[in-house]
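Asks: sharing a model prediction with you, sequence too.
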Amino acid sequence: MVGPMRPQFVLFGSSIAQLSYSNDGWGAILADRYALKADILLRGYNGWTPRHALQVLDQVFPKDAAVQPSLVIVYFGGNDSMLAHPSGLSPHVPLPEYVENMRTIATHLKSLSEKTRIIFLSALPVNKAKIREYIVMT
């Protein structure tokens, strides 16, 4: 370790977290604002849904780690909410499964430490009228 121990903030989720350091994104802004106060750790993965996250939750956030994160910011939902493709190849996750997976993630994160704070970012709203308008135009 270099220097004194600092709080850890973890950005955990899909490409919204992964790309948060790009082009002055929200992760880059957070890292800049807390540069001398906390270590910002990126655990965002392109195309991921909570299904993927559940497979690695214990490795990314081990309960027996000597240091637990002070803050975890979680973003999933953009990939999950995509329309299901007949081939089954889309990352779509049915809403009831998504909700249950997010509850499991929340329960795990809450069990890490009484001091760990969690922020869940929600998926952006969809403007169906604009999507239909775009489809008609193309």
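Replies: Done, it's in.

Asks: for the protein, which segments count as strands?
Replies: For the chain, applying DSSP state E gives strands covering 8-13, 39-44, 71-75, 117-121.

Asks: keeping just the C-alphas, turn the first one into CSV.
Replies: The C-alpha coordinates for strand 8-13 follow below in CSV (Å, rounded to 0.1, in the frame of the first residue of the first chain):
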residue,chain,number,x,y,z
GLN,A,8,-12.8,3.2,-1.1
PHE,A,9,-15.6,4.2,-3.4
VAL,A,10,-16.6,1.4,-5.9
LEU,A,11,-18.4,2.0,-9.1
PHE,A,12,-20.1,-1.3,-9.9
GLY,A,13,-22.3,-2.1,-12.9
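
Asks: report the inter-axis angle for it versus strand 117-121.
Replies: Strand 8-13 runs at 30 degrees relative to strand 117-121, counting by axes from the mean of the first three to the mean of the last three C-alpha atoms, to 10 degrees.

Asks: what of the third one?
Replies: For strand 71-75 against strand 117-121, the angle between stretch directions is 20 degrees (the same axes, to 10 degrees).
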